[in-house]
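A.B. asks: Sequence and computational prediction follow.
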Amino acid sequence: MVFLFPTGTIIIWVLTILLAVIPWYLLNKFWLKPKRFEKLLKAQGLQGDPYKLSALFMNNSKQDYILKLQQEAESKSIGLSKQAAPSIFSSHHQTVHKYGKNSFLWEGTTPSVIITDPDQIKEVFDRIYDFPKQKLRSIAKYFSFGIIKYEGEKWAKHRKIVNPAFHLDKLKGMLPAFSHSCNEMISKWKGLLSADGTCEVDVWPFLQNLTCDVISRTAFGSSYAEGEKIFQLLKKQAFLLVTTLDKNIPLSLWWLLETTTKKRMKEIERDIRESLEGIIEKREKALKNGETTNDDLLGILLQSNHAENQGHGNSKSIGMTTQEMIDECKLFYLVGQETTSTLLVWTMVLLGRYPEWQARARQEVLQVFGNQNQNFEGLSQLKIVTMILYEVLRLYPPAIYFNRALQKDLKLGNLSLPAGTLVSLPIILIHQDNDIWGDDAKEFKPERFAEGIAKATKGQVSYFPFGWGPRICIGQNFALLEAKIAITSLLQNFSFELSPNYVHVPTTVPFFQPKYGASIILHKL
Ligand code: HEM
């Protein structure tokens, strides 16, 4: 026997259920669940602001809120000797200041537990499958590419394929490209010198240009000019994004709007994809015809991908697809360029501020290379320059914190963390923690690295400008070699000091950089 309900009855039933379920869902999401989290964390001795519903309405989203804080901070010069964290990283800084190191803060309805204990930090970095990265919001879709955002098997596969491109023996072959780009920048600066052999330059755009040039040459070799074009497109896209953010349109709303900016971003995205597809297809064809590929990043990536496919009986789905290869190439630009130029600009600012360290570094460089071009063996002997770079990365790490998102209940040391919590590793606070580095933690003292990183940190995971564990930066040797060559060329040709016009306003968009550039006075040697 079949019972038939009239349609009206069904609709009433559905509405009744929805009316009962939706308020419960909202109550749980916006009140009961966060309060449960709070109770659980507090029971374990973690301290933080109580969860408040009003915080959700006050700030349209966490990103908007952080941007607002940053914009406020960036309008003021903080003075070079002052710590940047209170202004550029105020939410975490204030929480630790108020509640101590065992604390948490709220990101909307989600608690973010601040982890500062080196053993726990090591665990978070080592257990990559338990502590995956936080998923990006949709705004990042134009900028989140490749391996850096993958998880699980996909990440492992891509890391395996990309790894050979960054082996030291391959990097050695790229040194002439590094030197070429550096020499070009030095020549431009020489061209700006006045009759007395000095000039004042905002070095920041030159350094950005340098690291872009290096990536274009090392990633695409003979296709260098096309690489440059792609980078210009990526830059345009980033500019459009940043100007949109500046207009203070809530992110959530912006993504619903079909704006001209959004349209333009889509067009640029298509242009980038087509250019990269062209380069990759040309190279793939050459590889299939048995022609030797170039030893640039793309060439090595293609060979490695080819080997991965062959190792699996030529099954096409095993290696990377062309689209995935495109994403990896874009990633090299996005994470390899601004990070390294950031390292270089702060190195120039700090060496301009501390002439005694500049003199020591120059003495070492001249001892090792004289006025000759650099080579790998000589670069490995540069002890003072290395100490300086490590210290710059301690005080000015390009990425100032890491977030990881728990997808299941987990133990971390003595903590029991529920699924849905974030853990936050505030690298900038840990790098300047007096308990770890001593009372002079905030000062520029490269001598602390005289006997290497392990000695300076007493073997603890308390220094991690390149991350740590299996997901450590794949390009760290690339970046350090590039930085050493750039600093060496600079010291061989100029002495320099900070200009009185320099205004110290660090920003964190997209990395920990000088907002108003870096005015430096160069003197020809
Ligand atoms: C001073 C320069 C650099 C710094 C400070 C830096 C820092 C970092 C950090 C902190 C991570 C880990 C992010 C995380 O775990 O959430 C990372 C990952 C990565 N970096 Fe770098 N990076 C630098 C230069 C480069 C360069 C030059 C390249 C390539 C040309 C590069 C490519 C990558 C890639 C592909 C990853 C993702 C690795 C993975 O997830 O397996 N980086 N970098």
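C.D. replies: The structure has been received and is ready for your questions. What you see is a predicted model; the values in this text were computed from it and never measured.

A.B. asks: Burial check on the closest residue to Lys330 other than its chain neighbours, number of neighbours?
C.D. replies: Once flanking residues are discounted, Lys330 sits nearest to Phe145: 4.5 Å by C-beta to C-beta, 6 or more residues apart in numbering. Every C-beta, even on glycine, is put in place using the N, C-alpha and C of the backbone. Look at Phe145: counted by other C-beta atoms under 10 Å, it has 22 neighbours.

A.B. asks: Test my guess that Phe145 contacts Glu328.
C.D. replies: Yes: using C-beta atoms under 8 Å, Phe145 makes contact with Glu328 at a distance of 7.2 Å.

A.B. asks: coming back round to it: which residues touch the residue nearest to Lys330?
C.D. replies: Contact analysis of Phe145 by C-beta atoms under 8 Å, 6 or more residues apart in numbering lists Asp327, Glu328, Lys330, Leu331, Leu334.

A.B. asks: could you redo the last one with a cut-off of 6 Å?
C.D. replies: Contacts for Phe145 (C-beta atoms under 6 Å, 6 or more residues apart in numbering) come out as Asp327, Lys330, Leu331.

A.B. asks: Looking at it now. What's its pLDDT?
C.D. replies: Looking at Phe145, its pLDDT is 71.

A.B. asks: quick one, longest helix in this protein?
C.D. replies: Assignment by DSSP state H gives helix 322-353 as the longest helix of the chain.

A.B. asks: Could you pull up the mean pLDDT of that one?
C.D. replies: So the average pLDDT for helix 322-353 ends up being 91.

A.B. asks: gap between Ile230 and Leu27?
C.D. replies: Going from Ile230 to Leu27 by C-beta to C-beta, to the nearest Å gives 49 Å.

A.B. asks: still on that earlier bit, gap between the residue nearest to Lys330 and Ile128?
C.D. replies: 19 Å.

A.B. asks: Next one: the closest residue to Asp126 other than its chain neighbours from Val124, what distance?
C.D. replies: Distances taken as C-beta to C-beta, 6+ apart place Gly469 nearest to Asp126, at 4.7 Å, with adjacent residues excluded. Gly469 sits 8 Å away from Val124, going by C-beta to C-beta.

A.B. asks: swap in Pro86?
C.D. replies: Pro86 is 25 Å from Val124, by C-beta to C-beta.

A.B. asks: Have a look at these two and say which one is more surrounded.
C.D. replies: Val124 (21 against 13).

A.B. asks: Need phi/psi at the closest residue to that one other than its chain neighbours.
C.D. replies: The shortest distance from Val124 to any non-neighbouring residue, by C-beta to C-beta, 6+ apart, is to Phe131 (4.8 Å). Backbone torsions of Phe131, given as degrees, to the nearest 10, read phi -120, psi 70.

A.B. asks: before we move on, what SS does Glu284 have?
C.D. replies: Three-state call for Glu284 (DSSP: H, G, I helix; E, B strand; the rest coil): helix.

A.B. asks: what number of residues lie near it?
C.D. replies: Neighbours of Glu284 (other C-beta under 10 Å): 16.

A.B. asks: measure it to the ligand for me?
C.D. replies: Using C-beta to the nearest ligand atom, to the nearest Å, one gets 21 Å for the distance from Glu284 to the ligand.

A.B. asks: The nearest residue to that residue once chain neighbours are set aside: neighbouring residues, count only.
C.D. replies: Excluding its sequence neighbours, the residue lying closest to Glu284 (C-beta to C-beta, 6+ apart) is Leu302, at 6.3 Å. Per other C-beta under 10 Å, the neighbour tally for Leu302 reads 23.

A.B. asks: Looks like Leu302 contacts Arg283 (just checking).
C.D. replies: Yes: between Leu302 and Arg283 there is a contact at 5.5 Å, judged by C-beta atoms under 6 Å.

A.B. asks: returning to what we had before: what subset of the contacts of Phe145 is also close to the ligand?
C.D. replies: Leu331 (C-beta under 6 Å from any ligand atom).
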